[in-house]
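Asker: Just a sequence and a predicted model for now, questions to come.
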Amino acid sequence: MSINMPSLKDFFKKYEHKIVLVLGLVLIAGLSFQVGFLKGQKMPQNPLIIETSNNCPKIENQVLGAQNQALENVSTTKNKLSQKQDCMFVGSKNSNKYHLPDCRFAKNIKPENLVCFSSAEDASSKGYLPDKTCVK
């Protein structure tokens with residue numbers, strides 16, 4: 001230990017100013033962070049309020065139009081799903097296969113592409129082929 005002690009003391013004497021400077025900077029940074037954190041805790045968190053003026057009817061009409069279109073899409077989707085349950089077989093506009101309504105492939109068909117068939121003959125007459133996985 002006596003060998004390392006003089007060299008450690010020499011190190012601190014040689015770099016004393018730099019060590020004090022680094023420790024001072026770390027202490028100031030820590031105190032600044034703590035003060036900012038405590039001040040932020042005392043600030044009230046007000047909710048964000050978005051105000052619109054009546055001077056922009058075009059934007060309001062666009063928003064209302066988008067909302068109405070979304071509601072129409074939801075009702076159309078519900079109608080298609082209810083139709084899908086009434087169908088004996090279903091197919092897609094983008095495919096030439098028809099499936100049973102509870103088939104995993106039939107569940108992947110988007111409602112806007114859904115085609116309903118009352119029988120296998122109805123599907124075949126419209127050019128659709130039976131899916132070998134679902135229809136046997």
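Answerer: Structure received.
Asker: Now the element after the helix or strand of the chain with the lowest mean pLDDT, going C-ward?
Answerer: Within the chain, no helix or strand scores below helix 57-86, which has a mean of 60 by mean pLDDT, DSSP states H and E. The helix or strand immediately downstream of helix 57-86 is strand 89-92, counting by DSSP states H and E.
Asker: how about the nearest residue to Val115, chain neighbours excluded?
Answerer: Counting by C-beta to C-beta, 6 or more residues apart in numbering, Val115 lies nearest to Gly91, which is 4.5 Å off, once chain neighbours are set aside. C-beta here means a position set from N, CA and C on the backbone, and glycine is covered the same way.
Asker: contacting residues for that neighbour?
Answerer: 97-99, 109, 114-115, 117, 123, 128 (C-beta atoms under 8 Å, 6 or more residues apart in numbering).
Asker: what's the answer for Ser124, then?
Answerer: Contacts of Ser124 (C-beta under 8 Å, 6+ apart): Pro130.
Asker: swap in the one 3 residues further on?
Answerer: Taking C-beta under 8 Å, 6+ apart, we find Gly127 in contact with Asn96.
Asker: for it, helix, strand, or coil?
Answerer: Following DSSP: H, G, I helix; E, B strand; the rest coil, we place Gly127 in the coil state.
Asker: For Lys14, report the pLDDT, please.
Answerer: At Lys14, the pLDDT value in this model is 90.
Asker: pretty sure Phe117 is touching Ser92, no?
Answerer: No. The pair Phe117 / Ser92 is not scored as a contact, 11.6 Å apart, by C-beta atoms under 8 Å.
Asker: low-scoring stretches of the protein, by residue?
Answerer: 1-5, 52-68, 70-86 (pLDDT under 70).
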